[in-house]
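K.L.:
please find the sequence and the predicted model below.
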Amino acid sequence: MAIPPDYAERVYAGVLGKIIGVYLGRPFEGWSYEALTRRFGEINYYVHDQLGAPLIVTDDDISGTFTFLRALPDYGNTLTLTPPQIGQTWLNYLIEKKTVLWWGGMGNSTEHTAFLRLKHGIKAPESGSIATNGKVVAEQIGAQIFIDGWGMVSPGDPEQAADLARRAASVSHDGEAIYGAQVVAALEAQAFVESDFNRLLDTAVALIPKDSILFRMIADIRAWHAAEKDWHKTRAQIAAHYGYDKYGGNCHMIPNHALIIHALLHGEGDFQKSLMIVNTCGWDTDCNSGNVGCILGIRNGLSALSEGPDWRGPVADRLYLPTVDGGRCVTDAVSEALTIVNIGRALQGAAPIAPKEGARFHFTFPGSVQGFHAPEGLLPQGTLTFSNASGQGRLDLQFTHVGPGVPVYAATATFPSPEALKMGGYGILASPTLSPGQTVRATLSAERTALSEPTACGLFLRAYDAEDKLRLVAGPEVALQPGARHSLQWRIPDMEGYPIAEIGVRLRSDRFAQGTVSLESLTWDGAPDVTLGRTPGGSMWRRAWVEGIDRAEAHGGPLENFRLIQDEGTGLLLTGCREWSDYQVSVSLTPHLAESAGLCARVQGMKRYYALRLCRDGRARLTKALDGDKTLAEADLPLVFGRTYALALEVAGNRIRGSVDGALLFDVADSDRPLIEGGIALLCEEGRTAAGPVRIHGLKG
């Protein structure tokens with residue numbers, strides 16, 4: 001199939017539909033139809049505030065969807081991708097009992113069971129098979145809740161979507177669960193080119209076995225819908241014939257898939273009505289609502305999300321992806337949509353798209369705000385609203401009552417807020433997306449009639465301090481005249497090791513003013529220039545490290561800012577961003593009892609990195625983790641427990657240089673699938689290791 005001309009925008013609508021559906025259904029996940037109708041009547045809009053819950057939450061439906069799809073770019077965006085490679089992606093991005101999944105234990109949580117199989121060497125698809133885990137465990141709902149991305153990378157190609165869905169779902173599921181995943185993915189792929197629900201369903205069910213329960217159930221629901229237009233009565237039929245009492249486990253595929261088909265048919269293509277039906281029906285509401293929202297986002301496009309209540313405003317594109325890759329935890333619907341779009345384009349041999357020369361915040365999609373908001377706690381404030389309705393691909397900052405001592409601020413998160421870090425449930429693991437030493441660039445403009453007075457426009461950030469509070473740091477500014485356009489550039493200064501929480505624009509005026517300033521783009525690049533771990537107070541600096549290790553403690557001594565403890569295997573304490581490329585990282589390391597201890601660069605997860613390791617067998621090794629561990633070079637170096645070693649690891653292009661105590665031990669060019677970007681980590685294998693401050697800086701020339 002040719003790539004649809006509106007492919008990117010429809011993927012963005014699908015991503016928005018997914019996260020809106022999840023956020024809508026999450027507060028009452030697991031409630032019954034009876035309980036929901038008693039409390040709310042019908043679920044017509046967000047009810048999180050009535051239940052004392054936040055709207056923007058971490059959720060396995062969102063995290064798994066956008067994380068497991070990374071198998072495609074990690075393995076070259078090829079249709080030869082295999083289930084074992086997708087399984088390896090699970091092992092790479094997940095931290096056991098900490099990220100993405102419900103870690104309910106062997107035989108209780110399907111995904112945890114599959115992870116343990118993978119961890120112990122059972123590869124996919126055996127890791128999720130009925131033969132390995134039994135029919136009940138293998139046929140739970142998880143196969144379809146993570147599947148939307150595989151449909152969205154296959155526009156107009158339901159066969160490809162179903163095939164990819166089978167491979168992805170087989171990591172953790174089997175049987176009817178795989179069929180459900182295939183139907184959802186096929187519906188999403190075909191929804192790019194077809195809107196009629198009967199034809200969509202005909203296409204999807206043709207891809208699963210005719211003797212399956214799922215095939216028969218979908219036929220029954222279609223017949224019930226044709227005979228009876230009251231959705232409450234069809235829901236009762238589903239409960240009677242395919243309800244939770246008919247299937248074992250905690251959250252079976254069959255009942256919940258039935259509600260997805262039910263809502264699509266009775267909702268008649270209307271986004272709000274369909275979400276109302278699928279959520280009011282109860283059961284696994286966030287999962288079902290997320291799948292329905294994604295399907296209808298693709299089918300209907302962005303315009304459908306603007307009908308009825310304001311679905312997009314409260315969400316503001318925001319989502320969290322807490323994985324080993326901490327620098328991608330704080331993200332937005334635009335960024336994730338473009339990732340999907342470029343995977344889909346790569347699968348068809350098309351070049352990637354990079355709006356505004358690859359700017360991080362570009363506002364290309366209508367209505368997108370990419371997390372920009374008026375931050376709390378910055379007083380005094382004028383009045384500020386946000387709009388992206390001009391069709392010009394810019395964020396319009398509309399302000400009033402700005403004057404002497406009354407500025408306004410517009411910011412977007414680069415690290416979770418204090419409130420977000422207190423979130424229960426799946427929790428947050430994150431690293432800042434912006435670091436000292438990097439260069440921020442922003443372009444602002446104003447129409448000729450947009451300002452009543454010249455307005456000073458400047459950059460600012462807020463970073464945590466020793467009391468875990470946010471402090472404001474002002475950047476450069478320019479006096480913006482009506483009809484003018486300016487670019488600002490700011491090399492981020494040292495933050496004393498504390499994470500930067502947000503970046504944005506400040507508007508002020510010497511006389512009271514009103515008007516509109518347009519933020520056309522904001523981005524940053526370059527390597528960080530930062531020392532981490534020396535910070536004397538607060539806890540947020542520590543929260544900027546992702547614990548892929550059994551235990552990590554913060555200590556105050558100059559040689560033990562970090563204490564790393566790993567009981568079995570190799571543990572990593574990670575920070576940084578995937579887009580870091582050429583830099584040097586150094587640390588003072590004191591192994592106390594360990595099989596090996598070291599320093600990692602170009603870290604892309606628990607199973608993808610370069611490491612300089614001091615090993616108990618008296619050898620220093622430069623290793624590469626990528627589908628297994630490989631020694632690139634080694635040298636004699638006796639390991640003395642309790643002694644402090646100065647380690648430095650430098651990465652430039654495909655060249656890796658490792659030094660110990662100032663002596664260059666290794667200088668290697670990696671020509672076999674080199675890792676060209678990634679963050680850093682401290683490594684401890686089976687034992688205890690102390691580490692001093694970590695220094696990271698870019699390479700000159």
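P.N.:
Okay, I see it. Residues are numbered from 1 along each chain as shown.
K.L.:
helices along the stretch 451-600 of the chain, start to end?
P.N.:
540-543 (DSSP state H, counting those that start in this stretch).
K.L.:
so, low pLDDT: which residues of it?
P.N.:
For the stretch 451-600 of the chain, the stretches with pLDDT under 70 are 535-536, 556-558.
K.L.:
what about 80?
P.N.:
Along the stretch 451-600 of the chain, the model assigns pLDDT under 80 to residues 534-536, 554-559.
K.L.:
F372: neighbouring residues, count only.
P.N.:
Residues lying near F372 (other Cβ atoms under 10 Å) number 26. Bear in mind the C-beta positions are built from the backbone N, C-alpha and C, glycine included.
K.L.:
now it. Nearest residue, chain neighbours left out?
P.N.:
T412 (4.8 Å; Cβ to Cβ, 6 or more residues apart in numbering).
K.L.:
now do P638
P.N.:
For P638, ignoring the flanking residues on the chain, the nearest one in space by Cβ to Cβ, 6+ apart is G618 at 4.9 Å.
K.L.:
equivalent analysis for D6, please.
P.N.:
Closest to D6 by Cβ to Cβ, 6+ apart is G301, at 7.1 Å.
K.L.:
I'd say the one you found and A8 touch.
P.N.:
No: using Cβ atoms under 8 Å, G301 is not in contact with A8; the gap is 11.4 Å.
K.L.:
and the helix or strand containing L384, how far from the chain's centre?
P.N.:
The secondary structure element spanning L384 is strand 383-387 (assigned by DSSP states H and E). Remark: strand 383-387 is offset 27 Å from the chain centroid, using Cα atoms, centre = their mean, to the nearest Å.
K.L.:
need the contact partners of it.
P.N.:
369, 372-374, 395-401, 408-410, 507 (Cβ atoms under 8 Å, 6 or more residues apart in numbering).
K.L.:
cool, and stretch 235-250?
P.N.:
The contact list for stretch 235-250 (Cβ under 8 Å, 6+ apart) reads 33, 104, 108-110, 136-137, 139-140, 217, 220-221, 224, 252, 254-255, 258-259, 262, 277, 281, 283.
K.L.:
any quick ChimeraX command for the buried ones out of these?
P.N.:
To isolate the buried subset of the contacts of stretch 235-250 in ChimeraX, counting by 16 or more other Cβ atoms under 10 Å, use the following:
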select :33,109,110,137,139,140,217,220,221,224,252,254,255,258,259,262,277,281,283
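K.L.:
still on that earlier bit, the contacts of strand 383-387 in strands, which ones?
P.N.:
Per DSSP state E, strands hold the following members of the contacts of strand 383-387: L395, D396, L397, Q398, F399, T400, H401, V408, Y409, A410, L507.
K.L.:
so what's the fourth one bridging to?
P.N.:
Put plainly, it is Q398. T385, T516 (DSSP bridges).
K.L.:
tell me, how many residues neighbour it?
P.N.:
The burial count for Q398: 16, using other Cβ under 10 Å.
K.L.:
which helices and strands sit right next to the helix or strand containing A690?
P.N.:
A690 is located in strand 679-698, with elements delineated by DSSP H and E. Helices and strands touching strand 679-698, by 3 or more Cβ pairs under 8 Å, 6 or more residues apart in numbering; DSSP states H and E, are strand 530-532, strand 560-575, strand 583-603, strand 608-615.
K.L.:
Y179 is nearest to which of those strands?
P.N.:
Among these, strand 608-615 comes nearest to Y179, with 32.2 Å by Cβ to Cβ.
K.L.:
report the beta-bridge partner residues of the nearest residue to E634 once chain neighbours are set aside.
P.N.:
Leaving aside its chain neighbours, E634 sits nearest to R621 (4.5 Å; criterion: Cβ to Cβ, 6+ apart). Residues in a beta bridge with R621, per DSSP bridges, are R613, E634.
K.L.:
contacts only, for R621.
P.N.:
S596, A611, L612, R613, C615, T631, A633, E634.
K.L.:
can I get the helix of greatest length in the chain in CSV, CA atoms only?
P.N.:
With secondary structure taken from DSSP state H, the chain has its longest helix at helix 7-25. Extracted in CSV, the C-alpha atoms of helix 7-25 (Å, rounded to 0.1, in the frame of the first residue of the first chain):
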residue,chain,number,x,y,z
TYR,A,7,-0.6,9.3,7.5
ALA,A,8,1.3,11.3,10.1
GLU,A,9,-1.7,13.3,11.3
ARG,A,10,-3.8,10.1,11.5
VAL,A,11,-1.1,8.4,13.6
TYR,A,12,-1.1,11.4,15.9
ALA,A,13,-4.8,11.1,16.2
GLY,A,14,-4.5,7.4,17.0
VAL,A,15,-1.9,8.1,19.7
LEU,A,16,-4.1,10.8,21.2
GLY,A,17,-7.1,8.4,21.1
LYS,A,18,-5.0,5.8,22.8
ILE,A,19,-3.9,8.0,25.7
ILE,A,20,-7.2,9.8,26.1
GLY,A,21,-9.0,6.4,26.3
VAL,A,22,-6.5,5.1,28.9
TYR,A,23,-6.7,8.3,31.0
LEU,A,24,-10.5,8.1,30.9
GLY,A,25,-10.8,4.5,31.9
